[in-house]
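> how does the following fold in three dimensions:
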Amino acid sequence: MSLNDLLFGKPLRSSDEGGEKLGASAGIGIFGLDALSSAAYGPEAALTLLLPLGAAGIATILPITTCIVILLAIVYFSYRQTIEAYPSGGGSYTVARENLGTFPGLLAASALMIDYVLTAAVGISAGVGALVSAVPSLLPHTLLMCLAILLVITLINLRGMKETGAIFMFPTYLFIGSLFITLGLGLAKTFAAGGHPAPVIAPPELPMPTAAFTLWLLLRAFSSGCTAMTGVEAVSNGVKAFRDPAVKSAQRTLTAVIAILIFMLLSIAFLARAYHIGATDPGAEGYQSVLSQLIAAVAGKGIFYYITMGSILLVLALSANTAFADFPRLCRAVAQDGFLPNGFASRGRRLVYSQGIVVLAALCGFLLILFRGVTDRLIPLYAVGAFLAFTLSQTGMVAHWRRTGGPGSMRSMLVNGLGAVATAITVLVVTVSKFVEGAWVTALLIPAIMILMYSVRRHYDQVETQTANPFPLDLSNLRVPVFVVPILRWNKIAQNGLRFAMNLCLDVRVLHVDCGEETDSFCQKWKSLIEEPAKKAGRAVPQLVVLPSPYRFVLTPILDYVLELERANPDRQIAVLISEFVERHWYQYFLHNQRAEWLKALLLLKGHQRIIIINVPWSIGSS
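Numbering: from 1, shown residues only. Below you'll find the predicted structure:
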C-alpha cells in the first residue's frame, strides 16, 4: 500500500459516489457538530456579559435564551424551505444569487467563508483551551495541539464523506447522550424540589452587582448568546451529500439538529437559573465553565462528570469539521459560477472537493499560528458572518416565494420576511456592539473577498473573450514552425528532445549558451555527436547557434534570441522545445536545476501568440 493510499484512502471511481452518500444519523455528526457544540459556549457567552448584574443577571438568561430559540425556530423553517426549493445545495449563496442578484450572492458567500474559517479555528482552540484549563501542564503545547488536531481533521475529511461520518458519529452521540442525561436528571430534580433543587456540588458564589440593568446590556448579551446559532445553515449547503431521497434526509437531519439544540439551550438556561449558576471570569483563577458547574451541581464530580466533560472537550475540538464539510461545497458553488478558480469545483481522489479542504486548513492554520492557539477574541465575530448570511438567505426566499407563488406561498413569505427582519436587526446589534472588539476586521474582509471574487470572474471573462472562436477551422497559410531546442550539455535528455524536434521539422535551431566555463566543449563534439549521424541517416542537419554570455546568464540570451527570431519570421510560429528531466518523487524535484521551468515561465509571461512551448519529459527508465 502506498503512502497516499494509507493517508487518504484508495481513489474512488465517479460511479462510487452513491456509496459515499450520508444518512440522517451520519449527517448529524458531519453537518450538525458546529451547531450542537455551540450549546457549550453560547449560553456562557451571554452569561459572561451579564456578570456585572450579579444574581439579577441569572434571572434574565431564560428570557434571552427564549428569544434566541424563537429566532432559531424561524431560521429553521426558512432553511427547511431552502432545502426543498434548492436541492442542489449552496444554501445562502445560491438563494441570494438566484433571487437577489450576483452582488448579494457574493456578499453571502464572503460572509459564510469568514464564518467557516472562524468556526474551524475557534472550535479547535476552544477544545484545546478547555483541555488546558483542566490540565495546566499542557499550556506550553497549546499551539502544537491545535495544529495536530487541525491536521487530523484535514486528513479525515480528505478520506471522503462516508469515512468522516463514521468517525465523527461516536463523539457526537456521546456528547448528545451524556448531556441529555445531565439535563434530564437536572430537570427531574428541579421539578421534584419545586424549582429549588439542592446542588450536589454548589457552584461558585455569584458576584455582587457592579452595573445597572440596561437595554443595551441585554442586547449585547443576546448578540453574544446568538453564537449558539452558528452552523445552522450547514445542512442546506450539503444537500447533495445525503442519500436519496436527499431532500427528506437533509430535512430530517436539520430537524434533529435544531430540536436537540433547542432542548439543550432552554434546559441549560432553565437549570442555570434554578441552580444559581453564572459565568466565571475566564481570566481569573478557579475558572469553571457553565456546563462544568451544571454537571457538578446535578451529578457531582464522579466518573460521569469526567465522561461528560471529555465528550464536551472532544466535540468542541471536532466542531471544526462542520466548516470542513461546508466550506469546500460553498467554494464549489461559487467556482461553478466563475468567481473562484475552477479547481474548487473539481473532486479529488475520494470524491471530495480537496482544494477547498486544503485552503480551509491553510487559512485556519494561519489564524491558529497568528493567535498562538488562543482565539477567544474571535468567538463574538461568529454571529456577524452567520447572521448576515441568514438575512440574505431569508430575503432571497421572500423573493423566491413571490416569484413562484403557489399554495402556502404567502405564509412562507411571512415566515421568511419575519426571519429576515429579525436576523437583520441581530446583525446590526452584533456589529455595533462588537465593532471595537474586532468586528471591524470582518467589515473589511467581506468587501476584500468580494473584490477578489469579482477579479477572478473578470479574468475568466477576458480569457473567454480572447479565446472564443466561432469560425470553422482555418487551414490557410499553414507553415511548419521553426523549432528552437536549447541544449546546455549533451546527454540523454538533450538527445531525447532533439530527436523529437527533428522528427517534426527540417528547420531546427540548437541553442547553446557559452558562459566561458566549458569553452567550446559542446561545439567541438557537435560534428561527431549530431552533424555526422544526421548526414548518415539522410536527415537535415540542425543549425547550431552559439550564444555568448560572458556574465554567465543563461535564460536571458535564450529569451532574447527567441524573441528576435519571432520578429524575423513574421509569417511563422516559433516552437521552443524544452527537454527536461522529470523526477518520479516530488521531494526530489528541488534537487535538480530548474532553468527549464524558469524559461517556460518567462516565455509564457511574454504572452506572444506565435511562440509555442513544447515539453519533452525524460525520466529514469525512459527510452
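> hang on, L368 packs against I124?
Yes. Counting by C-beta atoms under 8 Å, L368 touches I124, with 6.8 Å between them. Using the backbone N, CA and C atoms, a C-beta is placed for each residue, glycine as well.
> so for those two, which sits in the more crowded spot?
I124 (29 against 24; other C-beta atoms under 10 Å).
> dump stretch 323-340 to CSV, keeping only the CA atoms.
Output in CSV follows, covering the C-alpha atoms of stretch 323-340 (Å, rounded to 0.1, in the frame of the first residue of the first chain):
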residue,chain,number,x,y,z
ALA,A,323,-16.6,24.0,8.4
PHE,A,324,-14.6,21.3,6.5
ALA,A,325,-17.8,19.8,5.3
ASP,A,326,-19.4,23.1,4.1
PHE,A,327,-16.5,25.4,3.1
PRO,A,328,-15.5,23.3,0.1
ARG,A,329,-19.1,22.9,-1.0
LEU,A,330,-19.6,26.7,-0.8
CYS,A,331,-16.4,27.3,-2.8
ARG,A,332,-17.6,24.7,-5.4
ALA,A,333,-20.8,26.6,-5.9
VAL,A,334,-19.0,29.9,-6.3
ALA,A,335,-16.4,28.4,-8.6
GLN,A,336,-19.1,26.9,-10.9
ASP,A,337,-20.3,30.5,-11.4
GLY,A,338,-16.7,31.6,-12.3
PHE,A,339,-16.0,33.7,-9.2
LEU,A,340,-13.3,31.3,-7.8
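> next one: N477 from Q573, what distance?
Per C-beta to C-beta, to the nearest Å, N477 is found 11 Å from Q573.
> ok, these two, which is more surrounded?
Counted by other C-beta under 10 Å, N477 and Q573 do not tie: Q573 has more neighbours, with 17 against 7.
> which residues does that one contact?
If you count contacts by C-beta atoms under 8 Å, 6 or more residues apart in numbering, Q573 has them with R479, P481, V482, R610, I611, I612.
> what's the answer for A96, then?
P104, G105, L107, A108, L392, S393, T395, G396.
> nearest to I30, of these?
Closest approach to I30 among those (C-beta to C-beta): S393, at 20.5 Å.
> what about that closest one, how many neighbours?
So S393, with other C-beta under 10 Å, has 31 neighbours.
> same question, A198
9.
> mind checking how far it is from F371?
In terms of C-beta to C-beta, A198 sits 41 Å off from F371.
> please name the nearest non-neighbouring residue to the residue nearest the centre of the chain.
In the chain, the centroid-proximal residue (C-alpha atoms, centre = their mean) is L360; its distance is 3.2 Å. Nearest residue to L360, sequence neighbours excluded (C-beta to C-beta, 6 or more residues apart in numbering): F327, at 4.5 Å.
> any idea how far Y454 is from the one you found?
Distance, F327 to Y454, using C-beta to C-beta: 20 Å.
> between those two, which is the more surrounded one?
Neighbours were counted for F327 and for Y454 using other C-beta under 10 Å; F327 has more, 28 against 14.
> quick one: that one is in a helix?
Yes. According to DSSP: H, G, I helix; E, B strand; the rest coil, F327 belongs to a helix.
> ok, it to V541 distance?
From F327 to V541 the distance is 59 Å (C-beta to C-beta).
> would you agree Q355 falls within a helix?
Yes. Assessed by three-state DSSP, Q355 belongs to a helix.
> got the CA coordinates for stretch 305-317 in PDB?
The C-alpha trace of stretch 305-317 is given here as PDB (Å, rounded to 0.1, in the frame of the first residue of the first chain):
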ATOM      1  CA  TYR A 305     -18.700  14.100  35.200                       C
ATOM      2  CA  TYR A 306     -15.400  13.300  33.600                       C
ATOM      3  CA  ILE A 307     -17.000  11.300  30.700                       C
ATOM      4  CA  THR A 308     -19.400  14.200  30.000                       C
ATOM      5  CA  MET A 309     -16.700  16.900  30.200                       C
ATOM      6  CA  GLY A 310     -14.500  14.700  28.000                       C
ATOM      7  CA  SER A 311     -17.200  14.500  25.400                       C
ATOM      8  CA  ILE A 312     -17.700  18.200  25.500                       C
ATOM      9  CA  LEU A 313     -14.000  18.900  25.000                       C
ATOM     10  CA  LEU A 314     -13.900  16.400  22.200                       C
ATOM     11  CA  VAL A 315     -16.900  17.800  20.400                       C
ATOM     12  CA  LEU A 316     -15.600  21.400  20.800                       C
ATOM     13  CA  ALA A 317     -12.300  20.500  19.200                       C
END
